[in-house]
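*Asks:* structure for the following, please:
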Amino acid sequence: MSNQSTDLRTRLRNATAPLHSQLDQQPLLVALLGHDFPLADYQQLLGTYYSLYHQLEAAIKRYLTQQPIAFDYQQRYKTPLLLNDLSYWHIKPEHLLCQIALPEITSLGQLLGLLYVLEGSTLGANFIAQHLKLSYGYTRSTGSDFFSAYGEQTQSHWQSFITYINSFSDQTELATQAIVSACLGFACFNQALTDTLAPSSKSL
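*Replies:* Numbering: from 1, shown residues only. Okay, the predicted model is just below:
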C-alpha cells in the first residue's frame with residue numbers, strides 16, 4: 001500500500017514504532033508498572049515529565065498563538081496536571097527544569113507530529129493510572145493527576161484527535177514533516193528518561 005493511500009495516523013504509527021518500543025522499555029516505566037516502585041522514584045519521574053511537558057507545551061502554545069488551528073487543544077495541556085502532582089508531593093517545579101533539544105515549531109506538520117506523541121501517551125497513561133491506584137493508592141487528587149489525564153474520556157479524545165490529523169492524509173509534505181516531528185518527540189522522551197537515574201542504577 002502506498003503512502004498516498006495510507007492515513008496519516010498509520011504512517012505515524014509505523015514510522016515511530018521502534019522509538020515507541022524503546023520508550024516502553026525504559027527502566028523507570030518498566031519499574032513503575034511493578035509493585036514496589038519507591039515514592040522517591042515516582043516523584044523523580046514526575047519531575048522528568050514536568051521538564052519535558054513544560055518545554056514542549058510552551059512551544060505548542062507559541063505556535064498556536066500565531067497560527068490557530070481548527071482543533072481545540074486548550075483543555076488538553078498536561079503541565080497544569082503535573083503542577084498539581086508536584087504540589088501534592090511538595091516539590092518545587094523551578095528546581096526541575098532541564099533543557100532538551102527541541103527546535104521551534106514552525107509548521108502545521110511539525111505541530112501535528114508532536115501532538116501525535118503527546119496525545120498518544122494518554123493511552124498508556126490511562127493504564128498506568130489504574131495501576132497506580134490499585135498498587136499504590138495514588139489517584140487524581142493524591143499525586144496522580146497527570147497519569148489520570150482524560151480519565152474515562154481517553155478513548156474519545158484520542159479518536160477525535162485521530163479524525164483531525166487524518167484529514168491531512170493527502171498532504172504529502174505535511175505528512176513528512178509530521179513524521180520527522182513525531183520521531184523527534186519520541187526521541188526527546190527517550191533521552192530525558194535515559195538521563196534520569198533509573199531505580200536499578202542507584203545502588204551501583
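*Asks:* hey, let's count contacts and neighbours off CA atoms from now on
*Replies:* Will do.
*Asks:* which residue ranges form the strands in the chain?
*Replies:* Shown for the chain, no strands are assigned by DSSP state E.
*Asks:* center of it - which residue?
*Replies:* When C-alpha atoms, centre = their mean is applied to the chain, the residue found nearest the centroid is Leu118 (3.5 Å).
*Asks:* and the pLDDT at that residue?
*Replies:* According to the model's per-residue confidence, Leu118 sits at a pLDDT of 97.
*Asks:* likewise the one 5 residues further on?
*Replies:* The pLDDT attached to Leu123 in the predicted structure is 94.
*Asks:* and for Gln99?
*Replies:* 65.
*Asks:* again, but for Leu96
*Replies:* According to the prediction, Leu96 has pLDDT 65.
*Asks:* kindly report the same for Ala58.
*Replies:* The per-residue pLDDT reported for Ala58 equals 93.
*Asks:* got a list of contacts for stretch 61-75?
*Replies:* Contacts of stretch 61-75 with the rest of the structure, by C-alpha atoms under 8 Å, 6 or more residues apart in numbering, involve 105-106, 111, 164.
*Asks:* if you could redo that for stretch 111-118, that was the one I meant.
*Replies:* If you take C-alpha under 8 Å, 6+ apart as the criterion, stretch 111-118 is touched by 12, 60, 63, 105, 165, 177-186.
*Asks:* hmm, try it at 7 Å
*Replies:* Outside of stretch 111-118, the residues within contact range by C-alpha atoms under 7 Å, 6 or more residues apart in numbering are 60, 105, 165, 178-179, 181-182, 185-186.
*Asks:* sounds good, over and out.
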